[in-house]
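J.: With the sequence up front, the predicted model follows.
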Amino acid sequence: MGFWSLNPYVGCEFGCSYCYARRTHEWTLERAGEPEGRAEDSSAWEAFEREILVKQAAPDVLLRTLDPARLAGAELVIGTATDPYQPAERKFLLTRRVLLALLRFEGLRIGVITKSPLVARDTDVLGRLAERHRLEVNISLASVDAELLRRIEARSPAPHARLRALARLRRAGIPAGLLIAPILPGITDSWPALAALMETGRQAGALFARGSPLRLGPAARAGFLPVVEREFPELVARYRMRYGGKEHAGPDYERALQRRLRSLREAFGFVGV
Ligand code: SF4
């Protein structure tokens, strides 16, 4: 990967059907041994949403081991595999402590990715981080349609709450924008659907609006294809054809999607990517 990643939690209560991180949870549980009190019928698959492992020592380990020279200018991204502002963060304040630890450094490239409005709680620390580092906060949002989202993301925060958090970050001068991901073929990839996202993002003051198509690795495939069958049966054949046994939708689709995103960015006045 062209970046370093830091995930304060293993597992994610938001439980999105297309999430690619479920398998890593299985491996981590195996390494950690069975957590006490784990329900017998709770498979590692379900455990991803129910048994959240908390890396309590992460801020101390970060302070002890982070060597800016080793990053060599690469971005340190918080929240690449699990959401750093999922509900557990209210209790553990672990992501906040990681951010506070990063205040001891300077001149890094730091990214934060989240679907949660809880990120706005840390506006104070993020503002200080932005003064010391090159910071970007990515508010991840696949659609402005709350009902549609509920069919594919079990417990993710409502779109308006995420957009409100984005607006709050921007009012505080924090570099933040929209991460439109994953873009789901036939479900969230139409011009009007993407335009609605860009428009609301712009109104919230987003600096950027990036997007990337669904990747169907083994975990995402096992979680998402049953949802397509149940919720969007008319698309089953299209998904079989488009993805087959592959992880990507194919270069023709990805090129066309990026063209659409570029045109929309221009139309809504986003500069750069
Ligand atoms: S919020 Fe992100 S990490 Fe959490 S389940 Fe959804 S896709 Fe996975």
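T.: That came in fine, so what should we check first?
J.: give the contact list for H133.
T.: Counting by C-beta atoms under 8 Å, 6 or more residues apart in numbering, H133 touches L102, F105, E106, G107, L108, R109, I110. Glycine gets a C-beta too; all of them are placed from N, C-alpha and C.
J.: Mind doing that once more with 6 Å?
T.: L108, I110 (C-beta atoms under 6 Å, 6 or more residues apart in numbering).
J.: Quick check on it: phi, psi?
T.: As for H133, its main-chain torsions (degrees, to the nearest 10) stand at phi -130, psi 170.
J.: What of the one 4 residues further on?
T.: With angles defined as degrees, to the nearest 10, V137 sits at phi -100, psi 120.
J.: Against R97, how distant is the residue lying closest to it once chain neighbours are set aside?
T.: Using C-beta to C-beta, 6 or more residues apart in numbering and skipping the chain neighbours, the partner closest in space to V137 is A176 (3.9 Å). Using C-beta to C-beta, to the nearest Å, A176 is found at 21 Å from R97.
J.: ditto for L214
T.: For L214 relative to R97 (C-beta to C-beta), the value is 33 Å.
J.: ok, those two, which is more surrounded?
T.: L214 (23 against 17; other C-beta atoms under 10 Å).
J.: For that one, report the pLDDT, please.
T.: The model reports L214 with a pLDDT of 97.
J.: Equivalent analysis for the one 10 residues further on, please.
T.: If you check F224, the pLDDT there is 95.
J.: who touches it in this structure?
T.: Counting by C-beta under 6 Å, 6+ apart, F224 touches S17, Y18.
J.: Is any residue of the strand or helix carrying it near the ligand?
T.: If you go by DSSP states H and E, F224 is part of helix 218-231. No - applying C-beta under 6 Å from any ligand atom, one finds helix 218-231 separated from the ligand by no less than 9.0 Å.
J.: For I113, see how far away the closest residue to G2 other than its chain neighbours is.
T.: In space, and not counting its chain neighbours, G2 is closest to A74: 6.4 Å by C-beta to C-beta, 6+ apart. A74 sits 16 Å away from I113, going by C-beta to C-beta.
J.: Quick check: longest helix in the chain by residues?
T.: Of all segments of type helix in the chain, defined using DSSP state H, the longest is helix 251-267.
J.: Write out the residues of the stretch 1-150 of the chain neighbouring the ligand.
T.: Along the stretch 1-150 of the chain, the residues adjacent to the ligand under the rule C-beta under 6 Å from any ligand atom are C12, F14, G15, C16, C19, A21, T82, D83, K115.
J.: Could you give the separation of the helix or strand following the helix holding F224 from the chain centroid?
T.: Remark: after helix 218-231, the chain's next helix or strand is helix 236-243, criterion DSSP H and E. Remark: helix 236-243 is offset 24 Å from the chain centroid, using C-alpha atoms, centre = their mean, to the nearest Å.
J.: can you check stretch 10-20 too?
T.: Offset of stretch 10-20 from its chain centre (C-alpha atoms, centre = their mean): 10 Å.
J.: Pull the residues that contact it.
T.: Applying C-beta under 6 Å, 6+ apart, the external contacts of stretch 10-20 come out as 25, 28, 48-49, 51-53, 82-83, 86-87, 152-156, 182, 217, 219-220, 223-224, 227.
J.: Ends of that stretch, what's the gap?
T.: 13 Å (C-alpha to C-alpha, to the nearest Å).
J.: Please apply the same query to stretch 149-165.
T.: 18 Å.
J.: tell me the contacts of whichever residue of the stretch 101-250 of the chain sits closest to the ligand?
T.: Closest to the ligand within the stretch 101-250 of the chain is K115: 4.7 Å, counting by C-beta to the nearest ligand atom. Neighbour list for K115: D83, S140, S156 [criterion: C-beta under 6 Å, 6+ apart].
J.: near the ligand, which residues of the stretch 151-273 of the chain show up?
T.: Contact residues, the stretch 151-273 of the chain versus the ligand (C-beta under 6 Å from any ligand atom): S156.
J.: ok, the closest residue in space to Y239 that isn't next to it in sequence - contacts?
T.: Spatial nearest neighbour of Y239, chain neighbours left out: V228 (5.4 Å); criterion: C-beta to C-beta, 6+ apart. V228 is in contact with L235, V236, Y239, counting by C-beta under 6 Å, 6+ apart.
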